[in-house]
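Asker: Sequence first, then the predicted structure:
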Amino acid sequence: MDVKPANLVNISPDPDFPVNQGRMCIKGFSAAELLSSEERVTAPLKRNAQGDFASVSWGEALDEIATRMLALQAEHGSDSIAAFGSGALTNEKTYLLGKFMRVAVGSANIDYNGRYCMSSAAAGQNKAFGIDRGLPFPVSDIAQCQTVVLWGANSADTLPPIMQWFEKQRANGGKLIVVDPRRTETAQAAQLHLQLTPGTDLALANGMLYAALEENLIDCNYIAARTNGFDELRRVALDYPPARVEKLSGVSERHIREAVRMLAKSASSMVLSGRGPEQQSKGTDTVLSFINLMLALGKVGLPYSGYGCLTGQGNGQGGREHGQKADQLPGYRRIDVPEHREAVAKVWGVDANALPGKGKSAYELCDALGPQGGIRALLVFGSNLSVASPGLTHIHSRLRELDLLVVCDSFMNETAQHADFFLPVTQWAEEDGTMTNLEGRVIRRRKAIDPPAGVLSDIDILCPLAERLGKGQYFRYGSEEEVFDELCRASSGGVADYAGMSYDRIDREQGVYWPCPSAEHSGTPRLFAERFHHADGKARFHAVQHRDAGELPDCDYPYYLTTGRYREHYNSGAQTRKMATTLSRKPEPRLQMHLRLARQLGVADGELVLVESRRGAAKFNVQLSTEIRPDTVFVPFHWGGKSAANLLTNPALDPTSRMPEFKVCAVQITPLVLNNL
Ligand SMILES: Nc1nc2c(c(=O)[nH]1)N[C@H]1C(S)=C(S)[C@@H](COP(=O)(O)OP(=O)(O)OC[C@H]3O[C@@H](n4cnc5c(=O)[nH]c(N)nc54)[C@H](O)[C@@H]3O)O[C@H]1N2
Ligand SMILES: Nc1nc2c(c(=O)[nH]1)N[C@H]1C(S)=C(S)[C@@H](COP(=O)(O)OP(=O)(O)OC[C@H]3O[C@@H](n4cnc5c(=O)[nH]c(N)nc54)[C@H](O)[C@@H]3O)O[C@H]1N2
Ligand SMILES: [Mo]
């Protein structure tokens, strides 16, 4: 293999790769900056008696971590040790972390940052279709679709490589509808922009269904042949006349009708959702309302049509399939189903009764840190949760109560500042593995360079740690490929079945789509053409009702705050705030505010304001704009410290997905600069 020194790495995309056809975004192009960054940590660190970090050897770090874990286990039980994983991890790491917590530690408490990401879309798809794969078709299908709705996704900034399929779709005469409280760059490219009030997506979708019923746009034959539960939904939908929905959502009756006509009368149409409607305390029901609409119009499973969810992190899809979720075992199996436990225990060579049950979801896990909640030790693999979690003041106080915090990362970040041990890990270009993309296509991530001396892969941390916990016999692998082969066996017979895959095959075929149950099976690029994944082959309608967000504006906190992303930064900013290319283009977060609201408050562009919610306060310079609703302000969540958006956000959780309400809370805004008005 051609292994180059890090400072010579030159990133160039592959024009023949079918998904992006040679396009990348600025974060991808600049990612090599981090490989040779001076800020990189290259030796394990331990906090000393003075509270400072000091380098220690790997042996010393792992010995002491294991000793402390065993002591906590003996005193407080195995569930007192928790892990927080990530959609940034390869499938191999995801799988191994899940196995490590269940077999080496015996703890139920493992969850990951994907809970903050796509869990509502996952829960909705599982309920309606019996299966959860981001898109049930290849991304290239977008180009052939007549009407696409991007519902709360700002893909022009967050998925730039995918925009080529929308450009082709437009060139083919296709239409785009965007639903977003902001007129984003994505919305500017749309024929119709529905600029709704934050948190009213479900009402809007039900209003569209009402209009479809009234205008005879629904497909009764499809509903009879392929679905269950429509009568109950119809009764509920009749509570959503467009005139009422206009009052709730701020979207005019005319636009509600226009949108549903475009969807219904197009030979092919799809709704693709992003985090806007999903990251709400009713995210699962909202996703169900989109699926209801597309099923009622008879579109799901038709060529170039249906519902899909746009994936977030690099391995957002694979990360939610192989057991780092609190309720899950590999292959998208459920940890509370006896046959699923049996199947996986057999592959692992352990007794199914010894496997723990369901653990706590990401936010609930963070909330339970410390003696009160019962979690004494936390191992973090691939998340800067002390910037990314809602209601940060509370989370920071919880982190301080831990007996043991171990952070595995390549760089110090706000979470690592609280750690007792920091273990430095390899980055993407320095290790082998696989990722599963939004199409359910499993692809390779190949090692291109050697890691710096002193850092280890997460896999090379987990296995020796398991050894020290007395469970080494279950964690002996010669390579990432051996972990993958075991993952494939463990997923066999599950919903996300990888049994027919191997590194060689993935290489030969430029990726393999799951389910792929055997070496002879060709993989499954398209789902639902004939049947859905419930036992009877039918999809299920769910009679979902609008409900208010966990918090609405009132006299004390009169404005909506919503949060999201900049093109130049990634998630908690742990990586992109360290990259000169991205930081110089976007050096700070700005509070996007409509001119009219700014005039009312007496603030000018660039001036500093204090933003307060019931949970905390943060400071931002204002960015004046006409591209946002006047009742709503927006900030990205890419920064920590005093400008952390999550000091303000509301940890109200969705009852099914346990997703926090990142997209809606109520705030007060006070100018901090005296002005001459
Ligand atoms: N540049 C960049 N790209 C990224 C990331 C990044 O951090 N930076 N992160 C990756 C990850 S992990 C993810 S999950 C994806 C996320 O990708 P997106 O879902 O596209 O990103 P967001 O900016 O979180 O949210 C999308 C839009 O939702 C809108 N919104 C806010 N509230 C509401 C609401 O109540 N209803 C509706 N309909 N819309 C609302 C916001 O105004 C925003 O424009 O991006 C991935 N790609
Ligand atoms: N207010 C608000 N909050 C949000 C959101 C929002 O829209 N609004 N979005 C939510 C969403 S969708 C997401 S996905 C989360 C993301 O937020 P986080 O969970 O904080 O994710 P990242 O910022 O991507 O942090 C990833 C960390 O993992 C490290 N890393 C990368 N690869 C590896 C690896 O292989 N091994 C190890 N050990 N470490 C690795 C990186 O160096 C980085 O420090 O934030 C959520 N929080
Ligand atoms: Mo995400």
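Answerer: Sure thing, it's come through. Ligands and ions are numbered 1, 2, ... in the order given.
Asker: leaving aside the residues next to it on the chain, what's closest to G573?
Answerer: H638 (3.7 Å; Cβ to Cβ, 6 or more residues apart in numbering). To be clear about C-beta, it is placed using only N, CA and C from the backbone, and glycine gets the same treatment.
Asker: Is there any residue in stretch 558-571 that contacts ligand 1?
Answerer: Yes - judged by Cβ under 6 Å from any ligand atom, stretch 558-571 comes into contact with ligand 1 at T562, G564, R565, R567, H569, Y570, N571.
Asker: Where does the prediction get shaky in the stretch 501-650 of the chain?
Answerer: Residues of the stretch 501-650 of the chain meeting the criterion pLDDT under 70: none.
Asker: Can you get me the start-to-end distance on stretch 139-149?
Answerer: End-to-end distance of stretch 139-149 (Cα to Cα, to the nearest Å): 14 Å.
Asker: er, stretch 404-413 actually
Answerer: One end of stretch 404-413 sits 17 Å from the other (Cα to Cα).
Asker: if we look at it, which residues are touching it?
Answerer: Here stretch 404-413 makes contact (Cβ atoms under 8 Å, 6 or more residues apart in numbering) with 34, 37, 39-41, 65, 68-69, 72, 376-382, 384, 387, 399, 415-416, 418-427, 455, 458, 461, 572, 574-575, 578, 640.
Asker: Flag every buried residue along stretch 449-468.
Answerer: Residues 449, 451-452, 455-459, 461-468 are the ones in stretch 449-468 that count as buried (16 or more other Cβ atoms under 10 Å).
Asker: Apologies, that question was intended for stretch 84-93.
Answerer: With burial defined by 16+ other Cβ under 10 Å, the residues of stretch 84-93 counted as buried are F84, G85, S86, G87, A88, L89, T90, N91, E92, K93.
Asker: before we move on, what about stretch 92-105?
Answerer: Across stretch 92-105, burial judged by 16+ other Cβ under 10 Å covers 92-105.
Asker: mean confidence score for it?
Answerer: Averaging pLDDT along stretch 92-105 yields 98.
Asker: end to end, how far does that stretch reach?
Answerer: End-to-end distance of stretch 92-105 (Cα to Cα): 18 Å.
Asker: chain center to it, what's the gap?
Answerer: Centroid separation for stretch 92-105 versus its chain: 20 Å, with Cα atoms, centre = their mean, to the nearest Å.
Asker: The residues of stretch 558-571 next to ligand 1: which ones sit near ligand 2?
Answerer: Counting by Cβ under 6 Å from any ligand atom, G564, Y570, N571 from the residues of stretch 558-571 next to ligand 1 sit close to ligand 2.
Asker: separation between the second one and A529?
Answerer: This points to Y570. Here Y570 is placed at a distance of 35 Å from A529 (Cβ to Cβ, to the nearest Å).
Asker: Please identify which of those two sits among more neighbours.
Answerer: Between Y570 and A529, counting by other Cβ atoms under 10 Å, Y570 is the more crowded of the two (23 against 11).
Asker: how about the nearest residue to the more buried one once chain neighbours are set aside, what does it touch?
Answerer: Using Cβ to Cβ, 6+ apart and skipping residues adjacent in sequence, the residue nearest Y570 is T576, 4.7 Å away. Applying Cβ under 8 Å, 6+ apart to T576 gives the contacts K27, E568, H569, Y570, T582, L583, H638.
Asker: Serialize those residues to TSV and add fields for distance to G134 and secondary structure.
Answerer: Listed next are the contacts of T576 as TSV, based on distance: Cβ to Cβ, whole Å; DSSP: H, G, I helix; E, B strand; the rest coil:
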residue	distance to G134	secondary structure
K27	20	helix
E568	24	coil
H569	23	coil
Y570	19	coil
T582	25	helix
L583	30	helix
H638	23	coil
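Asker: Would you tell me which residues of the stretch 151-300 of the chain are close to ligand 3?
Answerer: Within the stretch 151-300 of the chain, no position is near ligand 3 by Cβ under 5 Å from the ion.
Asker: now the strands for the stretch 151-300 of the chain?
Answerer: In the stretch 151-300 of the chain, the strands defined using DSSP state E, counting those that start in this stretch lie at 175-179, 192-194, 227-228, 269-273.
Asker: burial of the residue in the stretch 501-650 of the chain positioned nearest to ligand 3, as a residue count?
Answerer: Relative to ligand 3, the nearest point of the stretch 501-650 of the chain is N571 (6.7 Å; Cβ to the ion). By other Cβ under 10 Å, the residues close to N571 number 23.
Asker: What ranges in this structure fall below the confidence cut-off?
Answerer: In the chain, residues with pLDDT under 70: 1-8, 674-677.
Asker: spatially speaking, which residue is in the middle of it?
Answerer: Compute the mean C-alpha point of the chain, and by Cα atoms, centre = their mean the closest residue is C117, 2.5 Å away.
Asker: From ligand 1, how far off is the closest residue to that residue other than its chain neighbours?
Answerer: Once flanking residues are discounted, C117 sits nearest to G312: 4.5 Å by Cβ to Cβ, 6+ apart. G312 is 2 Å from ligand 1, where distance means Cβ to the nearest ligand atom, to the nearest Å.
Asker: can you check Y513 too?
Answerer: Counting by Cβ to the nearest ligand atom, the gap from Y513 to ligand 1 is 21 Å.
Asker: so what's the residue nearest to that residue when sequence neighbours are not counted up against?
Answerer: Using Cβ to Cβ, 6+ apart and skipping the chain neighbours, the partner closest in space to Y513 is G523 (4.1 Å). The contact partners of G523, taken as Cβ under 8 Å, 6+ apart, are G500, E509, V512, Y513, W514, P515, C516.
Asker: what's the answer for A153, then?
Answerer: Listed by Cβ under 8 Å, 6+ apart, the contact set of A153 reads L159, T186, L272, S273, G274, R275, G276, L310.
Asker: Ramachandran coordinates for the closest residue to ligand 3 within the chain?
Answerer: The minimum distance from the chain to ligand 3, using Cβ to the ion, falls at G312 (2.7 Å). The phi and psi values for G312, taken as degrees, to the nearest 10, are phi -100, psi -80.
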